[in-house]
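[1] generate a structure from the sequence data that follows.
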Amino acid sequence: MLSRIGPLAWDFLALYGLQVGNFLIPLLTFPVLARALTPDSWAGLLAAQALAIAVATVVEYGHNITATRRIAATSLPVDMLKIVRLVYVSKGLLASACLFLCGLAFALGWNHRPLNASLILSGVAFGLFQGSLPTWYFQGRQQARVAASVDMTFKGLAGLGMVIIALSFARPEPVLWIQLGGVAITWALLTRRLVSDLGIELWHGVPLREVGHDLREGFAVFIFRLLGSSYTSALALILAAVVPPLSSALILTADRMAKVMPTLTVPFCQALYPRIVTSGSYATPQGVRRIFLSAIKVFAALLIGSVVLYLLREPAVAFLVGEKYAAAADIMAVTVWLMPFIGFNTVLFNFWVFPARRDAIANALLVVNALISLGWVLFMAGRTNLPLYTFGISAAEVVISGVLMLLVLRNLRYLLRLEVANA
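    Numbers count the residues shown, from 1 in each chain. Presented below is the predicted three-dimensional model:
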């Protein structure tokens, strides 16, 4: 029976497994952690995880797009060796820069409630390991199930450990240590498998000139990822500074719960991304039409999910995080409508923007997103109407969806005219 499952189906299953490790397992720990920790501790844990996301974004540097694209486009072992070595040396330099900047910020006194020294250091270490995971290599070689099996196993064990520790100690620091341990073991095992697969010394014989070229190639995607994650990280860190811990926990809880369903589109996009790169379907009228229709279908499915979650938001909040966070239901009344737009944008970015190397478009759109989102959060700082904190985020996603739709339709008309002219 299993032998009948094709490579694409295996990649779908494996990448959904990665999402279980990256998002759904942390979400499933929500009910226990929210009840076991005090609002101050819960807000501190969420802020530390946001710091980890920021560090991981810098170290990852867009290699999950650029390196996957390069691995998928070659079948020569010599070229793969070169790509892998360059990526690892680049990540080493980026990790060193993160450590220096975080150390400098810590020395200057960046250590305030609800964060503390232990949470900051653990968050930075967590981000370094998460950003260095070599999932790009296995995805590019269409072996995502290798990464998924390791990732699910140890992040699942870490999730179980987080629950046990939270119930035993009711403190955020040991919870984050367990989560850090899970991703560190995952990184070590996947890196060992990669080295065993290629038989290489990662740091041997890599000219700095080629490292610079690798960083320049990934810079555009890095800016895209940095801007894309800026809302999550900046929102958590800004809220930690300008609103009470309970308010911060309410907003971040509602935001995370509303983004569960859009993450289900990520494995779908990751599994097809290498194949779209190699097939070139993003440059044909038929391919662009299929990509756009896929985005519309994802939008429609998530819109139905938004309606359901809107109607069930109060019992959902009560079940997942308990009555002390009941006010998060009012915030979710706004954030649930983000879901279809996030899904729509995810499909078009991964199927149309990145395969065709339209990195400048991606960066411009994410600059707009950051200006609207973070500008609104800063404008709202100190105000007590918590649902309005997320209003700017919703507006930003709608703007990006509209611009992407216009650009895709314009490109489709151009390709159709070109096809007629060449007929």
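
[2] how close does the nearest residue to Pro355 once chain neighbours are set aside sit to Val288?
    Spatially, and ignoring its direct neighbours in sequence, Pro355 is nearest to Tyr282 (4.5 Å; Cβ to Cβ, 6 or more residues apart in numbering). Using the backbone N, CA and C atoms, a C-beta is placed for each residue, glycine as well. Distance check for Tyr282 against Val288: by Cβ to Cβ, to the nearest Å, it reads 7 Å.

[3] neighbour count: these two, which is higher?
    Set Tyr282 next to Val288 and count neighbours by other Cβ atoms under 10 Å: Val288 wins out with 23 against 20.

[4] quick check: mean pLDDT of the helix or strand where that one lies?
    Using DSSP states H and E, Val288 falls within helix 285-311. In this model, helix 285-311 carries a mean pLDDT of 89.

[5] please apply the same query to stretch 372-384.
    73.

[6] elements contacting the next helix or strand after the helix holding Val288?
    Sequence-wise, the next helix or strand downstream of helix 285-311 (DSSP H and E) is helix 313-321. Judged by 3 or more Cβ pairs under 8 Å, 6 or more residues apart in numbering; DSSP states H and E, helix 313-321 is in contact with helix 30-36, helix 245-258, helix 328-335.

[7] mean pLDDT for the ones you listed: which is lowest?
    What stands lowest among those, in mean pLDDT terms, is helix 245-258, with a mean of 67.

[8] flag every buried residue along the strand or helix carrying Gly103.
    Assigned by DSSP H and E, Gly103 falls within helix 77-107. With burial defined by 16 or more other Cβ atoms under 10 Å, the residues of helix 77-107 counted as buried are 80, 82-92, 94-95, 98, 102.

[9] can you pull the contacts of Gly392?
    Residues in contact with Gly392 (Cβ atoms under 8 Å, 6 or more residues apart in numbering) are 372-373, 375-377, 379-380.

[10] model confidence at it, what's the number?
    Reading off the model, Gly392 has pLDDT 72.

[11] Leu302 versus that one, what's the distance?
    Gly392 is 20 Å from Leu302, by Cβ to Cβ.

[12] still on that earlier bit, overlap in contacts, Tyr282 and Val288.
    Joint contacts of Tyr282 and Val288 (Cβ under 8 Å, 6+ apart) are Trp352.

[13] for Leu176, which non-adjacent residue is closest in space?
    Leu176's closest residue in space is Ser122 (Cβ to Cβ, 6+ apart), at 4.5 Å.

[14] how many other residues sit next to that neighbour?
    25.

[15] likewise for Gly182?
    Gly182, neighbours per other Cβ under 10 Å, totals 24.

[16] just the angle for the helix or strand where it lies relative to helix 77-107, thanks.
    Per DSSP H and E: Gly182 is located in helix 172-198. Relative orientation of helix 172-198 versus helix 77-107 (axes from the mean of the first three to the mean of the last three Cα atoms, to 10 degrees): 160 degrees.

[17] next, the buried residues of helix 172-198.
    Neighbour-count burial for helix 172-198 [16+ other Cβ under 10 Å]: 172-187, 189-191, 193-194, 197.

[18] which strands and helices sit next to the helix holding Val288?
    helix 265-279, helix 328-335, helix 339-348, helix 391-422.

[19] in a markdown table: those helices, plus distance to Val55.
    What follows is the helices and strands packed on helix 285-311, written out as a markdown table (distance: least, Cβ to Cβ, whole Å):
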| stretch | distance to Val55 |
| --- | --- |
| helix 265-279 | 20 |
| helix 328-335 | 25 |
| helix 339-348 | 23 |
| helix 391-422 | 22 |
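
[20] comparing these, which comes out most buried?
    Among these, helix 339-348 has the highest mean neighbour count (mean count of other Cβ atoms under 10 Å), at a mean of 25.

[21] now that one: average pLDDT?
    Rounded mean pLDDT across helix 339-348 is 87.

[22] how about the contacts made by Lys324?
    Contacts of Lys324 by Cβ under 8 Å, 6+ apart are 34, 39.

[23] check the gap between it and Ala362 for me.
    40 Å.

[24] likewise Phe391?
    24 Å.

[25] over to Ala356?
    11 Å.

[26] same question, Thr57
    14 Å.

[27] what's the answer for Leu180, then?
    Distance from Leu180 to Ala362, by Cβ to Cβ: 31 Å.

[28] which residue is the nearest non-sequential neighbour of Phe30?
    Here the residue nearest Phe30, using Cβ to Cβ, 6+ apart, is Leu320, at 5.3 Å.

[29] roughly how far apart are the one you found and Ala328?
    For Leu320, the distance to Ala328 - Cβ to Cβ - is 9 Å.

[30] the residue nearest to Leu176: what's it in contact with?
    48, 173, 176-177, 180.

[31] quick check: mean pLDDT across stretch 153-163?
    According to the model, stretch 153-163 has a mean pLDDT of 81.

[32] buried set for it?
    For stretch 153-163, by 16+ other Cβ under 10 Å, it's 153-156, 158-159, 161-163.

[33] alpha carbons only: can I get that stretch in CSV?
    Below are the C-alpha coordinates for stretch 153-163, written out as CSV (Å, rounded to 0.1, in the frame of the first residue of the first chain):
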residue,chain,number,x,y,z
THR,A,153,9.9,13.2,16.7
PHE,A,154,12.0,15.6,18.7
LYS,A,155,9.7,18.6,18.6
GLY,A,156,6.9,16.3,19.7
LEU,A,157,8.9,15.0,22.6
ALA,A,158,9.9,18.6,23.4
GLY,A,159,6.2,19.6,23.4
LEU,A,160,5.4,16.8,25.8
GLY,A,161,8.3,17.9,28.0
MET,A,162,7.1,21.5,28.0
VAL,A,163,3.7,20.4,29.3
